[in-house]
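In: 3D model of this:
(3 chains)
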Amino acid sequence: MEQIFFYIFAILAVASAIAVVAAKNPVHSAVYLIICFLQVAALFILLRAPFLAAAQVFIYVGAVMVLFLFAVLVLNVGKERLGEQIHHQSVIVIPAVILLLLMMGILVAKGRLTAPMGAFTEKALEKNTEVIGKMLFSKYLFPFEVVSVLLLIALIGAVALVMKEKGSQD
Amino acid sequence: MGVGDLINRFIEKALFTDFVKGLTVTLKYNVSRSITMQYPDKEKWIPYRRWRGLHTLNRDEKGRELCVACELCSKSCPTGCITVIPMEDDTGRGISDRVARVWKIDLVRCLFCGLCEDACPTRALRLGREYELSCTDLSCSVRQREELLQPQSIPETLEGGVVAAAKFVRTPESIRVAADLGKTKKRRL
Amino acid sequence: MPDITTIIAVIIMVVKVVVVTQVIFSLPMPLTWIERKIAGHIHVRLGPMRVGPHGILQPLADTIKLLFKEDITPAKADKFLYKIAPLVAMVPAFAVFVAIPFGGEFIVPFTDKVFTLYISDMNVGILYVLAIGGLSIYGIILGGWASNSKYALLGGLRSSAQMISYEVALSFAAIGVVMMTNSLSLVDMVKSQGDWFWQWNILYLPVGPVWFVIFMIASLAEINRIPFDLPEDEGTLAAGYHTEYSGMRFSFFMLYEYVAMVTVSCLAVVMFFGGWSAPIDFREFEVLTPITSISWIYGLFGIFWFVSKVAVFIYFFMWIRFTLPRYRYDQLMTIGWKILIPISIFNILLTGLMRIWA
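Out: Got it, this is the predicted structure:
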């Protein structure tokens, strides 16, 4: 049962991810990206991580994609014409992609692509949010803080860039 | 501005005093009685006597027409919308031998100024209290003497300035609002 | 083959979903009438009076009108997105109600089965509600873009900018409540607030009222109601994002707006006003002591209290609508970024300190 759902979500996610790149209209790309994110959120739920799923929908679908769409609408990016961006790159790209897929297929078939199961049993994951919170603030405190500082730097950087431009205009 | 004022303003902002004031005003209006007059469904405004509505031609106590067809109304009319054609009649139809053969008013041109009423020497002409004059073609905009001689729907004795219970009457020929003058009440303001 | 209890559980779940969806789906009809009545009386008018007694059948007449109106698609619109946008706005608004608790649980009389008055108790309830509720915005943005009209596009743009600005403050308010109640689940959120009204989060002094104000302002902006209804500002944008829509598609947008208002009212009640608990703990009185918190009387009264609290909030939203004028766009941004967010951050600090020391 769960496997069927996994395949549905996974296929939809991959298909919409391809559509993001293939769509000519940037707004359509954004819509496909939203669908892709939603499928990933569904996969998180199958992995017993409802907090991650909710955060995925809340942050990526709810906020980041709104910002993306806002930018696309404000900049009024026109329809992309195929060929304008791809200067005969396809000759190299298509064999490369096929090669990559082949390699991945071989690795999966030989059972090389595996990850160890997590330390948490299904019982422990009932309180999924608590587990994540505790891990973030104990074991992974340093990476967490680094990421926070990085984000803060980016934020301040954005503000600083805008301020500078404003000053030079006066 | 002193520090005390600043603190006061901060407290006012923090407690949303202006917002609450606005809300109380609207709440008061919300629970107050509405002033809507439900015309034409249930109520109809009966104007005061001074109202200048559709012209009426009056009769004296004996039922004789007061109009002597002197044409003063027609002369005084700024838009020239009154047509009077006099004729001789000694059968006692009017108070004198001279009566109107035709007395008609074009309501499309009339501006209800009341000059005709003032000019009338016999007080035959009055601007009545009928105000539902709209119609869908021009034929009903010209009112003839015969129609204007009919007794008024709102009698002169009624003071007016009240809201009467009314009913919306729809017939194939026309629509009108029939007021029940027995049931009146003061207007809410 | 699943056993009989699973089948019964699934049937109960389906029935609950159907009932809740039907109730929520039919709610906007009376709400439009109530809103127009309140508008009328605040303006010292009467509001709808002609269809049925006191105009009570007016929403029905409106529905018939909208059903029979032509469904117009502009010539140069993006056909698919234009057609699907109203549904994108409407469906998440309904999906939110899966997590909202309308009451507690009670033991069905004569059996030992527990019946819950909510569809599902998620352990990430509040996050789910905010995340799914936020998806409706795509209906507005995409609808505005796809109709290929300058007014609609500007409406969509404004709504996306507004959403980004106020989502932050709204999440902060949610964080505040989560800190006060120690749980992300909406059911636990209600249970952690006491049975007396001074134990509710709104009176968790001094931070409770501040969180409530932040939540109310941010959610007013999220659901595009006056004074923050810039996406459909009829003064400057014709009708905003739904300028080009007509008929049922237009009514789907209206449906979304009313359902969103109900959602926000439910959230406010659950987060700050003790959900289904009565303001006074009636079980303290001697006559009523046999009523335990799991008896069916208590459960049904819970629904009564919940609905009446939500009704008060819905009235409040309508009341505000006819009291305040619309904010200017830059004022909207100032309130969002320069006032609400700094206050929220300071308040998080204060709440944290209170949790440690109190």
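
In: Can you get me a residue count around C:R328?
Out: When neighbours are defined as other CB atoms under 10 Å in any protein chain shown, C:R328 has 10 of them. C-beta coordinates here come from the backbone N, C-alpha and C atoms, glycine included.

In: Against chain A - does stretch C:238-254 have any residue that ends up touching it?
Out: No: judged by CB under 8 Å from any CB of the partner chain, stretch C:238-254 stays clear of chain A, getting no closer than 11.7 Å.

In: Tell me the buried residues in the helix ranked longest in chain A?
Out: Determined from DSSP state H, the single longest helix within chain A is helix A:141-169. By neighbour count on 16 or more other CB atoms under 10 Å in any protein chain shown, the buried set for helix A:141-169 is empty.

In: Tell me the gap between it and the middle of its chain.
Out: The chain centroid and the centroid of helix A:141-169 are separated by 22 Å under CA atoms, centre = their mean, to the nearest Å.

In: close to chain C, is that helix?
Out: No: judged by CB under 8 Å from any CB, helix A:141-169 and chain C are separated, with a smallest distance of 11.4 Å.

In: Which SSE is immediately downstream of the one helix or strand C:E257 maps to?
Out: C:E257 belongs to helix C:247-272 when assigned by DSSP states H and E. Downstream of helix C:247-272, the first helix or strand assigned by DSSP H and E is helix C:296-321.

In: what's near enough to touch the residue minimising distance to the centre of chain A?
Out: By CA atoms, centre = their mean, chain A has its centre lying nearest to A:F37, at 6.5 Å. By CB atoms under 8 Å, 6 or more residues apart in numbering or on different chains, A:F37 lies in contact with A:Q56, A:V57, A:Y60, A:V61, A:M65.

In: Next up, phi/psi of it, please.
Out: phi -60, psi -40 (degrees, to the nearest 10).

In: Just give me the closest of the contacts of A:F37 to chain C.
Out: Nearest to chain C among the contacts of A:F37 is A:V57, at 4.0 Å by CB to the nearest CB.

In: was I right about B:G160 contacting B:W51?
Out: Yes: at 7.0 Å, B:G160 counts as touching B:W51 under the criterion of CB atoms under 8 Å.

In: separation between the residue nearest to the centre of chain A and chain B?
Out: From A:F37 over to chain B the distance is 39 Å, taken as CB to the nearest CB, to the nearest Å.

In: Can you check which residues contact both of B:G160 and B:W51?
Out: Common contact partners of B:G160 and B:W51 (CB under 8 Å, 6+ apart): B:R129.

In: List, one by one, the residues from chain C near chain B.
Out: Counting by CB under 8 Å from any CB, chain C comes close to chain B at C:38, C:40-46, C:49-50, C:213, C:319-320, C:322-324.

In: let's see 7 Å
Out: Chain C has residues C:I38, C:H41, C:I42, C:V44, C:R45, C:L46, C:M49, C:R50, C:W319, C:F322, C:T323, C:L324 near chain B, with proximity defined as CB under 7 Å from any CB of the partner chain.

In: If you rank those by neighbours, which is first?
Out: C:I42 leads these on contacts (other CB under 10 Å) with 23 neighbours.

In: And the pLDDT for that residue?
Out: Listed pLDDT for C:I42 reads 91.

In: Tell me the pLDDT of the closest residue to it other than its chain neighbours.
Out: Spatially, and ignoring its direct neighbours in sequence, C:I42 is nearest to C:F322 (4.4 Å; CB to CB, 6 or more residues apart in numbering or on different chains). C:F322 is assigned 89 on the pLDDT scale.

In: Provide a list of residues in contact with C:F322.
Out: Contact analysis of C:F322 by CB atoms under 7 Å, 6 or more residues apart in numbering or on different chains lists B:T26, C:I38, C:A39, C:I42.

In: host element of the closest residue to A:F68 other than its chain neighbours?
Out: Nearest non-adjacent residue to A:F68, counting by CB to CB, 6+ apart: A:A30, 5.4 Å away. Assigned by DSSP H and E, A:A30 belongs to helix A:26-46.

In: I'd like the distance from that helix to the chain centre, please.
Out: Distance, centroid of helix A:26-46 to centroid of chain: 8 Å (CA atoms, centre = their mean).

In: If anything else comes up later, I'll come back, but that's it for now.
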